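> sequence and computational prediction follow.
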Amino acid sequence: MAPDDRDRHDSAPDLRILGDRITLQPSGFVEPPKDKDEKDEALMKNVARFRSEPLRFLRDVSLYVSGTGWRAYDEVIGQPIFYNGFSEHIKTQVMSATVLQTKIAQLADLRISVEEKQGLLPPSSSGREYEIRKAKRRAELVQGLQEVAEHLTDNMICKFESKTFIRGAYYLVTQLLLRAYHQGIHVSSEEVLRLRNVAEEAEKKKQSIIFLPCHRSHVDYVAQQLLCYRLGLALPVVVAGDNLNFPLVGSFLQHAGAMYIRRSFGDDQLYTTLVQAYIDVLLQGGYNLECFIEGGRSRTGKLLPPKFGILSFVLDSLLSGRVEDAIICPVSTQYDKVIETEGYVTELLGVPKKKENLADFLSGGSNVLSLRLGRVDVRFHEPWSLRGFIDDKVSRLSKVPSAIHVDWTDTKNQVVRQKLLRTLGYKVLADINDVSVVMPTALIGTVLLTLRGRGVGRAELIRRVEWLTERVRAKGGRVAHFGNLPLSDVIERGLEVLGKDLVGVVEGLAEPTYYAVDRFQLSFYRNMTIHLFISEALVAAALYTKVKQGGGPAIQDIPYKELRDQVLFLSSLFRGEFIYSGEGLQVNLERTLAGLEADNIIMIERDEQRNITKIGLSDAERAAGRENYDFYCFLIWPFIEASWLAAVSLMGLTPPLGQKDDVWIQVSRAQDSAQFLGKTLYHQGDLSYFEAVNKETLKNSYQRFEEEGIIQVVRSKDSRIPPRLRVSPEWRPRRDEVTGNLTASGKLWDFTEKIASSRREGKNRRDGATVSTRVIRLTDELGQKLWEEAVRGVDGGKKAKGLNAPARLSAEEERVLERSQREKKKRRTLEGRAHL
C-alpha cells in the first residue's frame with residue numbers, strides 16, 4: 001500500500017448524524033459491499049414524514065416531547081442552563097456588574113458637569129441646597145440610565161429557559177436541515193472525543209469554551225447547536241446581529257441561544273459597556289460562547305479577514321483580570337452546497353441586500369424541504385487556552401527587537417492589546433483553514449474553473465479531480481471522506497448537488513462533456529480550496545510576468561530577485577484577502593519553490609554556493625501543456641484582475657483641471673462606479689474574469705489601498721454621513737495641460753502596471769496601449785460624473801439616504817484626517833510588513 005493510501009485509511013473515521021442515529025463513516029476509498037446498495041435509506045428511516053409514516057412520525061414527536069433517553073438533555077457537559085429563572089439570573093448579574101455600574105456613574109457625572117456649564121443647574125443661595133438638588137438630579141440620571149440598560153439587556157441576552165422548548169426546537173430544525181442536507185452532518189470521531197474531554201475539564205474549572213466558526217451560511221449556527229445538543233455539550237450563547245431579531249423568529253432564536261447585538265456601536269458608551277458586562281458574566285460563569293470570527297457571512301467562499309469586535313471584549317475580560325481563562329475552539333463548517341449562494345451572487349453584483357423578514361424566512365423554509373444539498377462537514381480544531389496564548393505571545397514579543405519603544409509586558413498598553421488582538425484573530429483563521437475539509441463540489445468547481453477550453457470530458461474531469469485530491473492532501477489539507485464510494489460516483493453526486501444551473505453537460509458526444517454554466521456562482525466553491533495553494537499561485541503569477549512574453553524557454557526564465565520582488569508585491573497586495581504562513585516570506589518562498597521543483601513544474605538554476613539564480617518552467621511541464629502551472633495561475637488571476645480594476649478606477653478620481661482638490665467622494669459611490677467600469681471592460685474584452693467585478697473583492701482592494709495611503713478616507717461621527725475618500729495627492733496621475741485628459745504616467749499608473757504585469761494575457765492586452773487610451777478614457781468619464789455628483793450634493797440624481805455626503809471637510813474632520821494619517825503611518829512602521 002502506498003504511503004498516501006495508508007494515510008487515508010489510518011485517519012480518524014467520520015461520525016454521520018442522520019436524525020436519531022449516529023453511524024461510523026469509514027475514511028478514504030473503500031470497496032463498496034456487493035450485497036448492499038448504499039443510498040439514502042438511513043435518512044428515510046431516521047426522519048419520519050407524516051404523509052408516509054404517520055405513526056412513526058407521531059412516535060418520534062412524543063419521544064422529544066417526553067424527553068426519552070438522550071433527548072432529555074439532562075446530563076450535559078457544562079454549566080447548568082435551561083431552568084426557570086435562568087434569564088433573570090443572568091440579567092441580575094449583568095446589571096450588578098461593577099464595570100457597568102461604574103460606567104453609569106461616570107455618564108451621570110459627565111451629564112451633571114455639562115448641565116452645570118450650560119446653566120441648567122443654577123447655583124442657589126445655599127450651598128447645601130444646591131448639593132441636594134445636584135444629588136437628586138444625579139440620582140434621576142442614574143435611574144434613567146439603569147432603566148435604559150435594563151431594557152437593552154433584556155433585548156440582548158439569550159434566554160435558555162425551557163428544556164421542552166429546546167427539545168421541540170431540536171426536532172423541528174433537524175427535520176428541516178436534514179431534509180435539505182440529505183446526506184447528513186459529518187464530524188470527526190477523534191475531534192468529538194477530544195472536544196468532550198476538553199469540555200469535561202472546562203466544566204471542572206468553570207471555564208467557557210469559545211467556539212469561533214467560519215461563517216458561510218445561516219446554517220452554521222444551526223449545525224453547531226444541533227451538534228452540541230446531540231453530543232451532550234452545553235449549548236453555546238451565539239452572538240448574532242440584531243437584524244435577525246424580527247417578529248417570531250427573533251424570539252425563537254433567542255430562546256435557542258442567540259444574543260443580539262447591534263451591527264455598529266458608534267459612540268454609545270453605555271451599550272459598549274453593557275456588551276462587555278454580559279461577556280464578563282458569561283465567561284465568569286463558565287458558559288459556552290460562539291461568535292463568528294469573520295463577522296458576517298462570506299459571500300465569496302473563502303475566509304474573510306477577522307473582525308475584532310467580540311474578540312476585543314473577550315480579550316479585555318482576561319487582560320483586566322476579571323476572567324482567569326477561557327478555551328478557544330476554532331471550527332470549520334463546510335457544505336456540499338450553500339443554500340444562499342444564489343442570493344450572494346446578486347449582492348456581489350451590486351443588488352442591495354434585502355432586510356430579513358418573516359415572509360422570506362417562511363417561504364425559504366418551504367423551499368428548503370425540496371432541496372437535496374448533499375452534506376455538511378463540521379471540524380473542530382484542537383482547543384487551546386486563551387491565557388496560555390496571551391502569556392506565550394507577550395513573552396515572544398518582549399524578546400524581539402522593536403522599531404518603537406513599547407513595553408510588551410504591559411497589557412494595559414493599547415499598542416500591545418491591538419497586537420495581541422490582531423495575532424489572535426489571524427491565528428484562529430489559520431486554525432480554521434488547518435481543519436477545513438474540501439468537499440467534492442469544491443473539487444469539481446475548482447477543476448472546471450482552472451481548465452482552458454469550453455468544457456471537459458468525463459474521463460478528464462475524473463483525472464483532474466483525482467490529481468487535485470492528491471495535491472490537497474500533499475499540502476496538508478483534508479478531503480471529505482468518501483466512504484465506500486468510488487471517485488466516479490462521488491463526482492456524480494457532486495454534479496447532482498451543484499445542479500444544471502451551475503454545471504451543464506453536453507450529451508450525444510463521444511463522452512459526456514461538462515462545462516461551467518454560472519462561473520460567478522461556481523467561483524464560490526473554487527474559493528474553498530484556494531487557501532491551500534495561495535503560495536504556489538503567487539509564485540506562478542510572478543513567473544507569468546516572463547511566461548506571458550512568449551518566445552523560447554530561456555526568454556521566459558526569471559531571475560530569482562525579480563521573482564521574489566513580484567511575489568513580495570503580490571502577497572502584500574492581497575494581505576487582506578488571504579491567510580499566509582507565519583514563517584515569513586523568505587522561508588515560505590523557498591519551501592514553495594522546492595515543492596514546485598519536486599512536482600516537476602518548474603526548474604531552478606543555482607550557483608556554486610547553491611543559491612537560486614533563475615527560475616523557469618520545466619520541460620516536463622511544457623510537454624504536459626502547462627496544465628499544472630496554469631492551474632495555479634487560474635486560481636489567482638480573478639483576484640489580480642479585481643485589484644487591477646480597483647486601481648484603474650482610482651485614476652478617474654483625479655481632480656479635473658482647475659478644480660480644487662478638496663472635493664471628497666462617497667466611498668460606496670466610488671466602489672459602485674468601479675464595479676460598473678468592470679462590467680463594461682469585461683464585455684469589451686479588457687477584463688478576462690467577470691468575478692473581478694465582485695463587490696466584496698473590490699471593497700477589500702479599496703481597504704488595502706487605504707491602509708497603504710493610496711487613498712484617504714474620512715469617516716464622520718454622524719453615522720448618517722457615509723465615508724468619503726480622495727486619492728492621496730502624491731498618488732494622483734497628471735492631466736494634459738491642454739486637453740485635460742489623464743496621462744498614462746505617475747505613481748498610480750506605475751502601480752497599476754505592476755499589477756497588470758501578472759494579469760492573464762488576452763488578445764486586447766498585448767501591450768499597455770489599450771489601457772492607456774480606451775480604459776483610461778472610460779474611468780475618467782465615470783470619475784467626472786462622481787465629481788459632478790459630489791459637488792452638486794446628489795446621488796445619481798436622487799437624494800442620498802439620510803444626509804448627503806458633504807463634498808468638503810469641516811475643520812474638525814480635517815484635524816481628524818491629519819491625526820489618522822499619522823497613526824496609520826505609525827502603525828505601518830509598527831507592523832513592519834512589506835508595503836506596496
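Arrived safely, thanks for sending.
> what number of residues lie near S758?
26 (other C-beta atoms under 10 Å). Where you see a C-beta, it was placed from the backbone N, CA and C, and this is true even at glycine.
> with G388 instead?
Here the number of neighbours of G388 (other C-beta under 10 Å) works out to 12.
> then T739?
Other residues near T739 come to 9 when the count uses other C-beta under 10 Å.
> surely it is within a strand?
No - going by DSSP: H, G, I helix; E, B strand; the rest coil, the assignment for T739 is coil, not a strand.
> and it, how close does it get to L657?
As defined by C-beta to C-beta, to the nearest Å, T739 lies at a distance of 9 Å from L657.
> so which helix or strand of this protein has the lowest pLDDT on average?
Across the helices and strands of the chain, mean pLDDT, DSSP states H and E gives its lowest value to helix 41-46, namely a mean of 31.
> how about L650, nearest residue that isn't a chain neighbour?
Computed as C-beta to C-beta, 6 or more residues apart in numbering, the closest residue to L650 that is not its neighbour in sequence is V727, at 5.5 Å.
> er, A674 actually
Nearest-residue entry for A674: S649, 3.5 Å, with adjacent residues in sequence omitted and distances by C-beta to C-beta, 6+ apart.
> next, that neighbour: phi, psi?
phi -60, psi -30 (degrees, to the nearest 10).
> contact partners for it?
When contacts are counted by C-beta atoms under 8 Å, 6 or more residues apart in numbering, S649 is found next to A670, S673, A674, L677, G678, T779, L782, G783.
> are any of those buried, and which?
In the contacts of S649, burial by neighbour count holds for A670, S673, A674, L677, G678, T779, L782, G783, counting by 16 or more other C-beta atoms under 10 Å.
> remind me which helix or strand the fifth one belongs to.
Following DSSP states H and E, one finds G678 within helix 667-684.
> what about the residue most central in space within the chain, which SS state?
Geometric centre of the chain, nearest residue: L304, 2.4 Å, by C-alpha atoms, centre = their mean. Judged by three-state DSSP, the three-state class of L304 is coil.
> so it makes contact with R216?
No - applying C-beta atoms under 8 Å as the test, L304 and R216 come out as separate, 9.9 Å apart.
> reformat the buried ones among the contacts of S649 as JSON lines; add distance to E116.
Putting these into JSON lines (distance: C-beta to C-beta, whole Å) gives the following:
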{"residue": "A670", "distance to E116": "45"}
{"residue": "S673", "distance to E116": "50"}
{"residue": "A674", "distance to E116": "51"}
{"residue": "L677", "distance to E116": "56"}
{"residue": "G678", "distance to E116": "57"}
{"residue": "T779", "distance to E116": "56"}
{"residue": "L782", "distance to E116": "54"}
{"residue": "G783", "distance to E116": "51"}
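> burial measure for the closest residue to G250 other than its chain neighbours, as a count.
Using C-beta to C-beta, 6+ apart and skipping the chain neighbours, the partner closest in space to G250 is L244 (6.3 Å). L244: 16 surrounding residues under other C-beta under 10 Å.
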